[in-house]
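Peer 1: Sequence and predicted structure, then a few things I'm wondering about:
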Amino acid sequence: MKVDIVCICYQRIFYVGFSHSNVIDHGMLKFPSEYPMKPPSVLMITKNGRFEINRRLCLSMSDFHPETWNPMWSVSSILTGLYSFMIGKSTTLGSITTSSAEKRKLAKLSLGQNCLNRHFRECFPQLVELHQEQQKQQVEEREPSASSTDTLNTTPTDENMGHNAEELMEWAQENAFDITAAIIALLSFLLFVYRFLF
């Protein structure tokens, strides 16, 4: 599975974007001023059914375990470890357990959800643009095509009206006996009612 990891640094905070299988996971690495001697805190911002959002995660390369931290670990090493843990099933402080169906549901909503986040919009404008294009496409697919609209809104012409009138006359001629019988029955009923009332 191809995974794209994009990382933007701003004031010792790395805003992370994991792109895999049409899912966009947004996270954050907060590095202390003592880095690389001290580890960063790791948080996830996107609801993905794997981690609690906006909560520090307890990982071997996070500030929960400074005793296991290695100053030689680079940002890419941290991200690789985070992603490996993300797609696994191990539990830790800050992780949650949800069904596969729930994860798939959240995955479909991930890009739209991320676009509501100010930092995400600032760091990943290309993904915001992608979301806008997808929304536009969805609106266009929901709207009926111009040809369908023209067909539905066709104004009756004189020719069509004349054609309909001819069909109506033919129907009346073919069913003249039934029409006459129905009229006689109606008149008889009205006469009966009249005599009964008066």
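Peer 2: Yep, that arrived. Numbering: from 1, shown residues only.
Peer 1: Would you map out the domains in this protein?
Peer 2: 4-142, 158-197 (automatic domain parsing).
Peer 1: rank those domains by mean pLDDT and give me the bottom one.
Peer 2: Lowest mean pLDDT of the domains of the chain: domain 158-197, a mean of 62.
Peer 1: what's the burial count for Val128?
Peer 2: Using other C-beta atoms under 10 Å, the number of residues around Val128 comes to 16. Using the backbone N, CA and C atoms, a C-beta is placed for each residue, glycine as well.
Peer 1: quick one: it and Arg121 touch, right?
Peer 2: Yes: using C-beta atoms under 8 Å, Val128 is in contact with Arg121, at 5.2 Å.
Peer 1: Please enumerate the shared neighbours of these two.
Peer 2: Cys115 (C-beta atoms under 8 Å, 6 or more residues apart in numbering).
Peer 1: quick one: the helices in the chain?
Peer 2: Along the chain, counting by DSSP state H, helices occupy 75-87, 100-114, 118-123, 125-142, 146-152, 158-174, 176-197.
Peer 1: Now for Arg118: which residues touch it?
Peer 2: So Arg118 contacts nothing (C-beta under 8 Å, 6+ apart).
Peer 1: how much space between it and Glu129?
Peer 2: 16 Å (C-beta to C-beta, to the nearest Å).
Peer 1: Against Leu59, how distant is Ser90?
Peer 2: Distance from Ser90 to Leu59, by C-beta to C-beta: 10 Å.
Peer 1: Looking at those two, which has the bigger crowd around it?
Peer 2: Leu59 (22 against 8).
Peer 1: quick one: contacts for that one?
Peer 2: Per C-beta under 8 Å, 6+ apart, neighbours of Leu59: Val42, His65, Gly81, Leu82, Phe85, Thr92.
Peer 1: go again using 10 Å as the cut-off
Peer 2: 39, 41-42, 65, 68, 78, 81-82, 85, 90, 92-95 (C-beta atoms under 10 Å, 6 or more residues apart in numbering).
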